[in-house]
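Chemist: Let me see the structure of the following:
(one chain, ligands or ions: 6)
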Amino acid sequence: MKTAELYRFTRKKMKLLRSSYGFKCFKLVIWFVISFIFFVRFISRHQPSTNSLRTALISHSQSNVASRALSESNAGSIRRQRQGLLNDLKIYVYDLPAKYNADWLSDERCSNHLFAAEVAVHKALMNSNVRTFDPSEADFFFVPVYVSCNFSSGNGFPAIGHARSLLSSAVELISSELPFWNRSNGSDHVFVASHDHGACFHAMEDRAVANGIPEFMKNSIILQTFGVKHRHPCQDVEHVVIPPYVSPEKVLSMLSQSPVNGRRDIFVFFRGKMEVHPKNVSGRFYSRRVRTEILHKFGKNRRFYLKRHRFAGYQSEIVRSVFCLCPLGWAPWSPRLVEAVALGCVPVIIADGIRLPLESAVPWPEISLTVQEKDVGKLAGILDYVAATNLSLIQKRLWDPKVRRALLFHDELEDGDATWHILVALCERLNRSQRGSRLWSQ
Ligand SMILES: *[C@@H]1O[C@H](CO)[C@@H](O)[C@H](O)[C@H]1NC(C)=O
Ligand SMILES: *[C@@H]1O[C@H](CO)[C@@H](O)[C@H](O)[C@H]1NC(C)=O
Ligand SMILES: *[C@@H]1O[C@H](CO)[C@@H](O)[C@H](O)[C@H]1NC(C)=O
Ligand SMILES: *[C@@H]1O[C@H](CO)[C@@H](O)[C@H](O)[C@H]1NC(C)=O
Ligand SMILES: *[C@@H]1O[C@H](CO)[C@@H](O)[C@H](O)[C@H]1NC(C)=O
Ligand SMILES: *[C@@H]1O[C@H](CO)[C@@H](O)[C@H](O)[C@H]1NC(C)=O
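Modeler: Ligands and ions are numbered 1, 2, ... in the order given. Okay, the predicted model is just below:
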């Protein structure tokens, strides 16, 4: 760990030397190196003295992860050069008490359901090269709180009523124990909010909007699955639109049985909630009635494979399908988007105004179709036309493994996977806010 830090530090200084500042910096560099060595010694001598968050963080970094960091330091520097885009990005991951994260993992669903990006990003950062154990050199601070894992005993859906209080208590803890939150008022702190309406923490849009984003998160950076093209109170914050979580293991195991370019005998696929008479919930209808219309219009069409009941093996249906319908639900986004792409079925997006995840990394217009909500009745004609004209071109681009990789989270960060693209997005942000000044202000 120490060697790795020192190595990275020296590398940074070498770059400085080469820069236009030239030789004048040399003395300063020597001074930096010497103070750094003293700093590292100081830390190692003052290890687990108290139980505060600060020492917990440092001792954790030196025990559990130290040997790993050491053994990866060489491989890491090579990888960093290769991953030019992430060059030198440093993220500090708060080591919060287990009640904020690890405790929730006792329920296996916590790390696997559609909102599990909050767990996946955390896991990937823990072992990655961008993680730093020295908060004073961090570009960003990651706050790992899992708010989507309180599954209701009734319907099994996550209850997120406690999300605000759990997050606010975490922020209280980090801002009282360490100086970094107060220093920036949270603006270099990163949270994941992976449920329906981002950091508004409510499944129903009107309630989400009424509640708004908690005051204490408004300066921070939110990684959220929710995204729309118009202005919306639930994305009125620095944010990155990220994909919903789909287990990469499940996808790979499915593809090992049925490759993307295999037989696709289902023309149009949809499985999910489709109310015959959608309930009027304070003036709002589930899926703005789009799913109901699909059912009415195409329920008897033999080329439309529409199913309303849950079936655990639905991925085996997706991999057999040419087109996969991705209509909005309560929120515009859905895990179907990722599952369709990952399993090579052309997503047909029916959710007006949706902003798709990682738009700068995934060529959505080339690999999907978008149908306006008002045109949903014309689906059969639209899809027939595409099948007769440019379907094979769309499939060719869709089946590029790079596309699939960009939407999946892996426990260990991989080049080009979802967490990697999120880090690139953070890096771009950092570049925009002139990172150079940071070095000299310390
Ligand atoms: C950020 O800037 C650095 C240095 O100019 C560059 O090497 C890197 O590619 C940039 N990264 C992104 C994501 O723009
Ligand atoms: C989990 O959700 C239930 C039902 O909404 C709530 O009563 C309970 O307090 C929540 N648990 C925690 C730890 O917040
Ligand atoms: C940060 O600010 C809060 C509120 O002003 C204060 O209670 C807390 O002690 C400060 N934290 C530190 C580490 O100084
Ligand atoms: C910090 O941000 C919050 C939320 O936007 C704001 O209410 C508060 O006034 C800010 N505090 C400082 C010291 O800028
Ligand atoms: C839905 O319910 C609201 C009251 O909650 C009512 O004003 C509205 O007319 C209803 N809409 C329809 C189409 O039934
Ligand atoms: C394929 O054709 C459809 C319908 O004409 C069009 O909307 C879409 O942009 C085309 N896609 C590609 C990748 O050419």
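Chemist: Just the buried positions in stretch 210-219, please.
Modeler: Buried residues in stretch 210-219, defined by neighbour count with 16 or more other CB atoms under 10 Å: 211, 213-214, 216-218. (Glycine included, C-beta is placed from N, CA and C.)
Chemist: State the distance from the residue of the stretch 201-350 of the chain found nearest ligand 5 to residue 286.
Modeler: With CB to the nearest ligand atom as the measure, residue 280 is the residue of the stretch 201-350 of the chain nearest to ligand 5, at 3.7 Å. Going from residue 280 to residue 286 by CB to CB, to the nearest Å gives 10 Å.
Chemist: Which residue of those two possesses the greater neighbour count?
Modeler: Neighbour totals were compared for residue 280 and residue 286, and residue 286 leads with 18 against 9 (other CB atoms under 10 Å).
Chemist: Without its sequence neighbours, what residue ends up closest to that one?
Modeler: With sequence-adjacent residues excluded and distances taken as CB to CB, 6 or more residues apart in numbering, residue 286 is closest to residue 278, at 5.0 Å.
Chemist: Same check on residue 192?
Modeler: Using CB to CB, 6+ apart, the closest residue to residue 192 is residue 118 (4.0 Å).
Chemist: host element of the one you found?
Modeler: Element membership for residue 118, per DSSP states H and E: helix 117-126.
Chemist: what do you get for residue 267?
Modeler: Going by DSSP H and E, residue 267 is part of strand 266-271.
Chemist: Can you name the residues that contact the residue in the stretch 101-250 of the chain positioned nearest to ligand 3?
Modeler: The stretch 101-250 of the chain approaches ligand 3 most closely through residue 182 (3.7 Å), counting by CB to the nearest ligand atom. By CB atoms under 8 Å, 6 or more residues apart in numbering, the contact list for residue 182 reads residue 175.
Chemist: what's downstream of the helix or strand encompassing it, the next helix or strand?
Modeler: Using DSSP H and E, residue 182 falls within helix 180-184. As assigned by DSSP H and E, the chain's next helix or strand after helix 180-184 is strand 189-193.
Chemist: Could you list every helix and strand that the next helix or strand after that next one packs against?
Modeler: Downstream of strand 189-193, the next assigned helix or strand under DSSP H and E is helix 205-211. Here helix 205-211 touches no other helix or strand, going by 3 or more CB pairs under 8 Å, 6 or more residues apart in numbering; DSSP states H and E.
Chemist: Pull the residues that contact helix 205-211.
Modeler: Applying CB under 8 Å, 6+ apart, the set of residues contacting helix 205-211 from outside is 196-197, 200-202, 232-234, 282-284, 330-331.
Chemist: cool, and stretch 282-302?
Modeler: With CB under 8 Å, 6+ apart as the test, stretch 282-302 has contacts from 204-206, 268, 270, 272-279, 304, 306, 308, 325, 327-330, 350, 373, 376-377, 379-380.
Chemist: Now a ChimeraX select for only the buried ones of those residues.
Modeler: Paste this into ChimeraX to select the buried members of the contacts of stretch 282-302, with burial taken from 16+ other CB under 10 Å:
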select :204,205,268,270,272,274,278,304,306,325,327,328,329,330,350,373,376,379
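Chemist: Mind checking which of the contacts of stretch 282-302 are in strands?
Modeler: Under the assignment DSSP state E, the contacts of stretch 282-302 contribute 268, 270, 304, 306, 325, 327, 350 to strands.
Chemist: got a pLDDT number for the residue in the stretch 201-350 of the chain that ligand 1 sits nearest to?
Modeler: For the stretch 201-350 of the chain and ligand 1, the shortest gap (CB to the nearest ligand atom) falls at residue 240, measuring 12.4 Å. Here the pLDDT value assigned to residue 240 is 97.
Chemist: Kindly report the same for the one 5 residues further on.
Modeler: In this model, residue 245 is scored at 97, pLDDT.
Chemist: Can you tell me which residue of the stretch 201-350 of the chain sits closest to ligand 6?
Modeler: Residue nearest to ligand 6 within the stretch 201-350 of the chain (CB to the nearest ligand atom): residue 346, separated by 9.7 Å.
Chemist: residues in contact with that residue?
Modeler: 322-324, 340, 367-369, 386, 391, 394-395, 398.
Chemist: Is it possible to get CSV of these that adds neighbour count?
Modeler: Listed next are the contacts of residue 346 as CSV, based on neighbours: other CB atoms under 10 Å:
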residue, neighbour count
322, 20
323, 27
324, 25
340, 27
367, 20
368, 22
369, 20
386, 17
391, 16
394, 19
395, 17
398, 21
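Chemist: Contacting ligand 6 as well, which ones from those residues?
Modeler: Taking CB under 6 Å from any ligand atom, the overlap between the contacts of residue 346 and the neighbourhood of ligand 6 is 386, 394.
Chemist: Helices of the stretch 51-200 of the chain, start to end?
Modeler: Remark: helices assigned in the stretch 51-200 of the chain by DSSP state H, counting those that start in this stretch are 53-63, 66-82, 117-126, 163-177, 180-184.
Chemist: Number of residues surrounding whichever residue of the chain sits closest to ligand 6?
Modeler: Closest residue of the chain to ligand 6, CB to the nearest ligand atom: residue 390 (3.8 Å). Residue 390 has 13 neighbouring residues, counting by other CB under 10 Å.
Chemist: And the one 10 residues further on, by the same measure?
Modeler: Each residue near residue 400 was counted by other CB under 10 Å, and the total is 14.
Chemist: So it versus residue 247, what's the distance?
Modeler: 21 Å.
Chemist: just to revisit the earlier point, what's the most distant pair in the contacts of helix 205-211?
Modeler: For the contacts of helix 205-211, the farthest-apart pair by CB to CB is 201 and 283; their separation is 21.2 Å.
Chemist: out of those two, which sits in the more crowded spot?
Modeler: Neighbour comparison, residue 201 and residue 283: the larger count goes to residue 201, with 25 against 6 (by other CB under 10 Å).
Chemist: Which residues are in contact with the residue lying closest to that one once chain neighbours are set aside?
Modeler: Distances taken as CB to CB, 6+ apart place residue 163 nearest to residue 201, at 4.3 Å, with adjacent residues excluded. When contacts are counted by CB under 8 Å, 6+ apart, residue 163 touches 147-148, 201.
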